[in-house]
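Chemist: Show me how the following folds:
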Amino acid sequence: MTPVRRTTAAVAASAVLGMAVVAAAAPAAFAAPTPKPSPSTVLPSGLYGTTDPAYDGVWRQSLALLAQDTVDVKPATKAVDWLTGQQCDTGAFPSYRADATKPCDAKLPLDSNATAAAVQALAALGGQDATVKKSVAWLKSVQNADGGWGYNPGGASDANSTSVVIGALASVGEKPAAVKAKSGKSPYDALLTFAKPCTGKDAGAFVFQVTQPGIVADSTAAGVLGSLGKGLAVEGPKPVAPAACAAGATPEQAAQNGAAYLVSALKKTGHLDSAPMPGAENPAPQPDFGNTADAVTALSAAGHFDQAADTMTWLEKNSAAWAKASGPAAYAQLILAAHAFGADPQKFGGADLVQQLNATGPAPQSSGAEKSEASDASEKDGKDDSGIGVWWIAGAFFVASVGVGILFSGRRKKQ
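Modeler: Residues are numbered from 1 along each chain as shown. As a prediction, the model looks like this:
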């Protein structure tokens, strides 16, 4: 879930926050990237990206740090400090606050999505237990009676917000099913209300809200992850049978139904399309790179690697310009998709996504290049012209395998 995935929630909140939010949150295919700050604005040195952080500062920082963690990049201390410094005394995170030296104003909108993303990033990095604990406590305190969460506290629950909070809970070892509102309902109870049956239009999809059933692309990818109890950074399980929609009232079945919808939606072109902007008349379909990457992550998390393969290839061939224009959250989103699928983000369609992400913020303490160089060196060693190195290693491996069994290798790096 990136700024593109956050679009739906921002549109829903526009009545409160004003139409400026809608403009800032427009899908990348239909609007220019988030505007540059005014010349008088001095961006914090620890922040990733150079666009106006008013809408997505905490979100993009969290995704950048989370994506770096999946590839063993150790971020700059000031990048982590900037993120922790955005937290309010209540434990909540706003989308962004320009002056972190002052207490959070009572009028400052608090953001469940930004808070949940920050929890996932800081939990992954470690060493931020107190910050994470306060944020988790705040998230629990603003849980709605239906068991879910809205974009802002007090707002109606939606599939995206509920799912990203489930990911935050899981990242700290909580069991989401046990986190219940006073009504006794859990986050999964809320998610199931957004899941469509296996009949009719958009069968198996997750709608954004019950009152907004026409929005399904980004909310379905989120709903699949949430129903599986997964966060934004996942490693896919063993491959399973092709996704198919089937009746069932469990989160696991709802996840598989959502996966089946995504497979169907991706089948024709290999990508998802952006929803048309309000007021647009018969616009030509435009690729939605963000939600397409999220679909790869969701399908991989559900074990449908074969059905995600063509879409992964499409992203490798077509997403470079979008990522460059959109900034750190987009690079992070592609890295997370590659990570879930088992692809190498440092060799993504001929590009090094990790290097590109690192370049959008303060220089990390370790860049991740060391791992890639070690891997390249290992490959070269295995191609020794004399053939001695290869056969020696093969013989040693055979002897070792007698004791430890067969070592399976495949598309995923970590089983």
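
Chemist: shaky segments in the protein?
Modeler: Applying pLDDT under 70 to the chain flags the ranges 1-41, 277-280, 282, 368-415.

Chemist: Can you tell me how far the nearest residue in space to Thr70 that is not next to it in sequence is from Asn144?
Modeler: Using C-beta to C-beta, 6 or more residues apart in numbering and skipping residues adjacent in sequence, the residue nearest Thr70 is His339, 4.5 Å away. The C-beta positions use only the backbone N, C-alpha and C, and glycine is treated the same way. His339 sits 31 Å away from Asn144, going by C-beta to C-beta, to the nearest Å.

Chemist: Between those two, point out the one with more neighbours.
Modeler: Legend: neighbour count by other C-beta atoms under 10 Å for His339 and Asn144, higher for His339 (26 against 20).

Chemist: what are the phi and psi values for the more buried one?
Modeler: Phi and psi for His339, reported as degrees, to the nearest 10, are phi -60, psi -50.

Chemist: so it touches Asp69, yeah?
Modeler: No. With contact defined as C-beta atoms under 8 Å, His339 does not reach Asp69; the gap is 9.9 Å.

Chemist: so where do the strands sit in the protein?
Modeler: For the chain, applying DSSP state E gives no strands.

Chemist: From Ala330, how far off is the residue nearest to Thr70?
Modeler: Counting by C-beta to C-beta, the gap from His339 to Ala330 is 15 Å.

Chemist: and if you look at Glu235?
Modeler: Glu235 is 21 Å from Ala330, where distance means C-beta to C-beta.

Chemist: For the closest residue in space to Lys238 that isn't next to it in sequence, grab the count of nearby residues.
Modeler: Nearest non-adjacent residue to Lys238, counting by C-beta to C-beta, 6+ apart: Gly303, 6.4 Å away. Neighbour count of Gly303, defined by other C-beta under 10 Å: 20.

Chemist: and Gly303, what does it touch?
Modeler: Contacts of Gly303 were listed using C-beta atoms under 8 Å, 6 or more residues apart in numbering, and they are 236-240.

Chemist: Glu235 and Ala330: who's more crowded?
Modeler: For Glu235 versus Ala330, neighbours defined as other C-beta under 10 Å are more numerous around Ala330 (29 against 16).

Chemist: what residues do His339 and Asp69 have in common as contacts?
Modeler: Ala233.

Chemist: Was I right to think Pro251 contacts Leu192?
Modeler: Yes. Counting by C-beta under 8 Å, Pro251 touches Leu192, with 6.9 Å between them.

Chemist: Which parts of the stretch 251-400 of the chain are helices?
Modeler: Along the stretch 251-400 of the chain, counting by DSSP state H, counting those that start in this stretch, helices occupy 251-266, 289-301, 305-318, 320-326, 328-341, 353-358, 369-381, 388-404.

Chemist: got TSV for the ones you listed, with distance to Ala217 too?
Modeler: Listed next are those as TSV, based on distance: least, C-beta to C-beta, whole Å:
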stretch	distance to Ala217
helix 251-266	7
helix 289-301	5
helix 305-318	13
helix 320-326	16
helix 328-341	14
helix 353-358	23
helix 369-381	33
helix 388-404	45
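
Chemist: and of these, who's closest to Ala222?
Modeler: Of all the helices of the stretch 251-400 of the chain, helix 289-301 sits nearest to Ala222, with 7.2 Å by C-beta to C-beta.

Chemist: Check which helices and strands the closest one sits against.
Modeler: helix 217-227, helix 251-266, helix 305-318, helix 320-326, helix 328-341 (3 or more C-beta pairs under 8 Å, 6 or more residues apart in numbering; DSSP states H and E).

Chemist: Fine, thanks again, bye for now.
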